[in-house]
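Undergrad: Task: produce atomic coordinates for the following.
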Amino acid sequence: MTGKMNSPSAEGLDPQLYILSLSKLFKDIGTGMLAFLIPLYIVGLQSSFFTSTPIVVKAGIVATAFGISNTISQPIMGKLSDRMDRRKPFILAGMAGFTILSFIYANTRQFEYVVLFRFVQGITVGVAVPAIVAMVTHFSTSRTRGKAIGIYSSLRGLGFGSGPIVGGAVVNYYGYEAAFYVCALLGIMSTSLVFFFVKEKSDNIKERTSISASYAKDPQFIVLAVAMFMMMVGIMIIFAFLPEYRILLNASELSLSMAVSAYVLVRVLFQTPMGVISDRIGRKNMVAYGLLLNVPIVIGLGYAGSITELIILRALQGISMAAVETPVMALAVELTGGNAVSSKVSIITAAQAGGMALGPIMGGLLAGYVSFRTPFYLCGALILMSVFLVLARVKEPGIISD
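TA: Now for the predicted structure:
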């Protein structure tokens, strides 16, 4: 029984992949709840230094605090994980940190403290993410990597996508404090699953020689990171506008949560199919098409005239992200040659976190001090630039010449 749990099945996937993905499902329900609730929660908090700051800017600040620390910590923790050749302790530490901080939010009444705690929480995510991605790759083979990442991303996305709906419902009936306690409970469930049912796994030495190690240093990593960064800026910009959308669209917390979740839930439906298709036809073109699709969608967010239009646009963003995220991650893993996956793939995941950091604060500052639609046009232009970068600089590993 133990041997079966520690080796990939006939289809190249270790059963532990599903346990790890399920643990992330629970934790990311809580993550989605926090991402949605905190920009709304801070509206009623006291503040010592930001009393005259527009609410869209404050929402951007609190989201950016999380993203900055997440971005900085991921490459550092990824390298440390590779150096120690350990994954599980990092995952457990990140999940435990999420749980503790969720308890703390329930008793926080000062805006500046929320910013500080979100900064710390970004570090805990940075501790866990590179190790989780590396472990997912260890539970698959090169032939099934896109499928494995698709399964993991789908369950993770299902959690993050349903989180805002759960959070909106809990707040409507029981208040913010209860919602934060629910997040903590979900963190306990995730930590327990990993602690008891997921075993440590080292780098797959056999796969390290499948691709030249020189590819791991290829500038394509930077291009893929830029593409993911731009994509996330366009996805996350909406979080700075939640308080504004609530007024402009006359929307409730629950209806806004549906708009936030529409993106992730639709992405979940397309994540695994995109991974499987990219395994068969290649990843570069799919990434470019996904980026291109997001350009008019992001601009359209600035013109949403009803909550229904906002939900539709976010659902379309889910399709575009599914066409980008899974192929990008699978391609990045292939470029590592199976060597030091945590530290090298963390370049991509850190860029993703960086986009999460810049999107809200850029949107908040430009909307608060320039015009409401300016950040949407800027995001669209940046994403379009990344399309040309991918087409010009990225090659499939199988067609790279010596």
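
Undergrad: residues making contact with stretch 296-314?
TA: Residues from elsewhere that reach stretch 296-314, judged by CB atoms under 8 Å, 6 or more residues apart in numbering: 234, 237-238, 241, 245, 249, 251, 255-256, 258-260, 262-263, 266, 316-317, 320, 372-373, 375-377, 379-380, 383. (Glycine included, C-beta is placed from N, CA and C.)

Undergrad: try 6 Å this time
TA: Stretch 296-314 has contacts (CB atoms under 6 Å, 6 or more residues apart in numbering) with 234, 249, 251, 255, 258-259, 262-263, 316-317, 373, 376, 379-380.

Undergrad: Pull the contacting residues for Ser386.
TA: Applying CB under 6 Å, 6+ apart, we find Ser386 in contact with 226-227, 230, 291.

Undergrad: As a markdown table, the residues you listed with neighbour count and pLDDT would be great.
TA: A markdown table is the format used below for the contacts of Ser386 (neighbours: other CB atoms under 10 Å; pLDDT from 0 to 100):
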| residue | neighbour count | pLDDT |
| --- | --- | --- |
| Val226 | 19 | 89 |
| Ala227 | 27 | 90 |
| Met230 | 28 | 90 |
| Leu291 | 28 | 93 |
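
Undergrad: can you name the two of the contacts of stretch 296-314 that are farthest apart?
TA: Ser255 and Gly380 (25.3 Å; CB to CB).

Undergrad: between the two, who's got more neighbours?
TA: A count of neighbours by other CB atoms under 10 Å puts Gly380 above the other of Ser255 and Gly380, at 21 against 17.

Undergrad: how far is stretch 245-263 from where the chain is centred?
TA: Stretch 245-263 has its C-alpha centroid displaced from the chain centroid by 20 Å (CA atoms, centre = their mean, to the nearest Å).

Undergrad: buried residues in that stretch?
TA: 245-246, 249, 251, 253, 255-263 (16 or more other CB atoms under 10 Å).

Undergrad: Please save the CA atoms from stretch 70-79 in PDB.
TA: Output of stretch 70-79 as PDB, limited to C-alpha atoms (Å, rounded to 0.1, in the frame of the first residue of the first chain):
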ATOM      1  CA  ASN A  70       4.500  37.200  -1.300                       C
ATOM      2  CA  THR A  71       6.600  38.200  -4.300                       C
ATOM      3  CA  ILE A  72       9.800  38.800  -2.300                       C
ATOM      4  CA  SER A  73       9.500  35.600  -0.200                       C
ATOM      5  CA  GLN A  74       8.800  33.100  -2.900                       C
ATOM      6  CA  PRO A  75      12.200  33.000  -4.700                       C
ATOM      7  CA  ILE A  76      14.000  33.000  -1.300                       C
ATOM      8  CA  MET A  77      11.900  30.100   0.100                       C
ATOM      9  CA  GLY A  78      12.100  28.200  -3.200                       C
ATOM     10  CA  LYS A  79      15.900  28.200  -3.100                       C
END
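
Undergrad: List of residues touching it?
TA: Contact partners of stretch 70-79, identified using CB under 6 Å, 6+ apart, comprise 122-123, 125-127, 129-130, 342-343, 346, 349-350, 353-354, 357.

Undergrad: Among those, which are located in helices?
TA: Secondary structure from DSSP state H places 122-123, 125-127, 129-130, 342-343, 346, 349-350, 353-354, 357 of those in helices.

Undergrad: Go ahead and build a PyMOL selection from the buried members of these.
TA: What follows is the PyMOL syntax selecting those of the ones in helices among the contacts of stretch 70-79 that are buried according to 16+ other CB under 10 Å:
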select buried, resi 122+123+125+126+127+129+130+342+343+346+349+350+353+354+357
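
Undergrad: shaky segments in this structure?
TA: 1-12, 142, 145-146, 201-218, 282, 335-344, 397-402 (pLDDT under 70).

Undergrad: quick one: the helices in it?
TA: Using DSSP H, the helices of the chain run over 2-5, 16-41, 55-84, 88-105, 111-138, 145-174, 176-197, 220-236, 242-248, 253-281, 284-301, 307-336, 341-369, 374-393.

Undergrad: closest one to Phe49 among these?
TA: Closest among these, using CB to CB: helix 111-138, at 6.4 Å.

Undergrad: Give me the angle between that closest one and helix 307-336.
TA: For helix 111-138 against helix 307-336, the angle by axes from the mean of the first three to the mean of the last three CA atoms, to 10 degrees is 50 degrees.

Undergrad: Remind me what helix 111-138 packs against, helices and strands.
TA: Secondary-structure packing of helix 111-138 (3 or more CB pairs under 6 Å, 6 or more residues apart in numbering; DSSP states H and E): helix 55-84, helix 88-105, helix 341-369.

Undergrad: Highest mean neighbour count out of those helices?
TA: With neighbours taken as mean count of other CB atoms under 10 Å, these reach their highest mean count in helix 341-369, at a mean of 25.

Undergrad: one step back: now the contacts of stretch 296-314 as a markdown table including distance to Ile100?
TA: Listed next are the contacts of stretch 296-314 as a markdown table, based on distance: CB to CB, whole Å:
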| residue | distance to Ile100 |
| --- | --- |
| Gly234 | 32 |
| Leu249 | 35 |
| Ala251 | 32 |
| Ser255 | 31 |
| Met258 | 30 |
| Ala259 | 30 |
| Ala262 | 31 |
| Tyr263 | 28 |
| Leu316 | 37 |
| Gln317 | 32 |
| Arg373 | 40 |
| Phe376 | 36 |
| Cys379 | 34 |
| Gly380 | 39 |
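
Undergrad: wait, which of these is closest to Leu13?
TA: Nearest to Leu13 among the contacts of stretch 296-314: Tyr263, at 26.7 Å, using CB to CB.
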